[in-house]
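J.: Pasted the sequence and its predicted model underneath.
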Amino acid sequence: MFLRILLLIARLKFAFFSLFIWFILINFISLVVAGGGGGRTKKDTAGSRIDDGSMYGDGAVYDNGDPNYDSEEETLEEKNKYLPPAVLRRAVGNASMTLTKYKVNKLNYLSVILIYLLTCSFAQKTIEPIIKEYFVSGDIDEILTSIYDINVPEYAYEFVKRSVNMSFDHGDRERELVSQLISNGYPDTFSANMIGKGFERLFELIDEIEKDAPTARDMLATFISRAVVDEVLPPSFLSDAVVKNLGGEIIEHSKRMLSRDHGGAKLEKVWGPGDGRPVEEMKIAVDQLLQEYLISGDLVEASRCIKELQSPNFYHEIVKRAITHAMDKTVEQRNSMSVLLAYLVERDQLTRYQAIKGFNRLHFLLPDLQLDTPAAAAILEAFVAKAKEDSVLPVEYEYVNNSN
């Protein structure tokens, strides 16, 4: 409820904020078009797209189809002479192409600076409370809905930057939550460009960050490596010249982590299962509670034990191990496991995302499971059918092997 009130306030503030920004932008653009550059000719106002040191450009390309295109060559110094600093160009996002095409006066600069300051204030007051609430609840669906409701896709990188930065002051549980947020938010909420841009901003701030978090560089390298393993950040990000220049030793550290034997498998659980405990210890706890459940059939007790794990992002492992344990059991015990999964979904402990991930892992491991249980394929299909019937899986669920 508290989070929804915050979102309502944020939406109202953003509505007024947007009207104010549009007012400034309209005046800003009208001043520029009217000759804010001091009455210079078209030849003087011809602009070119300048590399501001970021691999994520604004997409503005000027050619002979542009009314301001000038085929006469200019020196690099002349082209750069009237451009504002890169940080201001990034701050106004899509408006940056206006700044590169026209020479702006002092009033224009004041407008841009004001937009930048207001945007930063809005982001800080709106984004940070949502992330703090997420660290408490661990509800990925809720935070993704909150980000969608705010409706500022051009600042999606701020969520990446601030969530990673805020996790430096917390434990492995929060860092796992952030990695899961980035992974689950891709590509609908966070594009690869926005994820990369968030990391770039952290490169620029890392000297200040490590004053309060001395291990920040190592943790940032781990976040980047994890993003590559989760396939939300392309490996080419690590070889980009601009990124290497900004990231330096952080990028090199990421490369070393990815090049180690079984590096991918280790990075998938680099923060542990989510509550700070080692993965192996968590697996033992899951096995014990499942064995006790098969003996007692007590749904309430099993649900309580699962909740005590405090690792909602580890529930796909519960799905996988529950069905694996039931493979060589009686039909009645297999039905009992299906009842448990349905109960967890009904109580909103198990999300469909985690259920799908667990069943996908079972399909992937099926050849190994058949070595011990020849009928594993048929048993798994029976579990899938029951899961669809109980709304644990969507009715259209079908496993697709993307490993090739």
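T.: That came through, no problem. This is a predicted model, so every value here is computed, not measured.
J.: what about the stretch 301-404 of the chain, any weak spots by pLDDT?
T.: Confidence mapping of the stretch 301-404 of the chain against pLDDT under 70 gives the ranges 402-404.
J.: just the helices in it please.
T.: Ranges of helices in the stretch 301-404 of the chain, per DSSP state H, counting those that start in this stretch, are 315-326, 331-346, 352-364, 366-372, 376-389.
J.: swap in the stretch 151-300 of the chain?
T.: Chain-ordered helices for the stretch 151-300 of the chain, with DSSP H, counting those that start in this stretch as the definition, fall at 156-167, 172-185, 192-212, 216-229, 241-247, 249-259, 263-268, 279-296, 299-308.
J.: Lowest average confidence across those helices, which one?
T.: In terms of mean pLDDT, the lowest-scoring of those is helix 263-268 (a mean of 80).
J.: Name the surrounding residues that touch that helix.
T.: Contacts to helix 263-268, defined as Cβ atoms under 8 Å, 6 or more residues apart in numbering, come from residues Thr222, Ser225, Arg226, Val229, Asp230, Met257, Leu258, Arg260. Quick note: C-beta positions are derived from backbone N, CA and C, even for glycine.
J.: repeat for stretch 224-236
T.: 179, 182-183, 186-187, 190, 192, 195-196, 199, 237-238, 247, 250-251, 254, 257-258, 263-264, 267-268, 270-271.
J.: In ChimeraX, how would I select just the buried ones from these?
T.: The following ChimeraX line selects those of the contacts of stretch 224-236 that are buried, judged by 16 or more other Cβ atoms under 10 Å:
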select :179,182,183,186,190,192,195,196,199,237,238,247,250,251,254,257,258,263,267,270,271
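J.: Could you check the pLDDT of Glu74?
T.: The per-residue pLDDT reported for Glu74 equals 39.
J.: Likewise for the one 5 residues further on?
T.: Lys79 carries a pLDDT value of 36.
J.: Now do the phi/psi pair for Leu213.
T.: Just to correct that, residue 213 is Ala rather than Leu. Comment: the main-chain dihedrals of Ala213 come out as phi -130, psi 90, following degrees, to the nearest 10.
J.: Is it correct that it is in contact with Asp169?
T.: Yes: assessed by Cβ atoms under 8 Å, Ala213 is found in contact with Asp169 at 6.4 Å.
J.: between those two, which one's more packed in?
T.: Remark: of Ala213 and Asp169, Ala213 carries more neighbours, 16 against 11, as counted by other Cβ atoms under 10 Å.
J.: And the more buried one, how far from Phe159?
T.: If you measure Ala213 against Phe159 using Cβ to Cβ, to the nearest Å, the figure is 19 Å.
J.: Same question for Ile143.
T.: Separation of Ile143 from Phe159 (Cβ to Cβ): 9 Å.
J.: who touches both of these two?
T.: A shared contact of Ile143 and Phe159, defined by Cβ under 8 Å, 6+ apart, is any residue touching both; here these are Ile131, Leu181.
J.: In terms of packing, which of these two has more residues around it?
T.: Comparing Ile143 with Phe159 by neighbour count (other Cβ under 10 Å), the higher total belongs to Phe159, at 29 against 24.
J.: what's near enough to touch that one?
T.: Shown in contact with Phe159 (Cβ under 8 Å, 6+ apart): Ile127, Ile131, Ile147, Leu181, Gly185, Thr189, Phe190, Gly198.
J.: how far away is it from Leu371?
T.: For Phe159, the distance to Leu371 (Cβ to Cβ) stands at 44 Å.
J.: Equivalent analysis for Gly198, please.
T.: In this view, Gly198 and Leu371 are 43 Å apart by Cβ to Cβ.
J.: Enumerate every residue touching the residue lying closest to Gln291 once chain neighbours are set aside.
T.: Beyond its immediate neighbours in the sequence, the residue positioned closest to Gln291 (Cβ to Cβ, 6 or more residues apart in numbering) is His325, lying 7.2 Å away. His325 makes contact with Asp287, Leu290, Gln291, Leu294, Met337, according to Cβ under 8 Å, 6+ apart.
J.: can you check Asp139 too?
T.: When contacts are counted by Cβ under 8 Å, 6+ apart, Asp139 touches Pro312.
J.: Quick check: pLDDT value at it.
T.: 87.
J.: distance of it from Glu200?
T.: Relative to Glu200, Asp139 is positioned 28 Å away (criterion: Cβ to Cβ).
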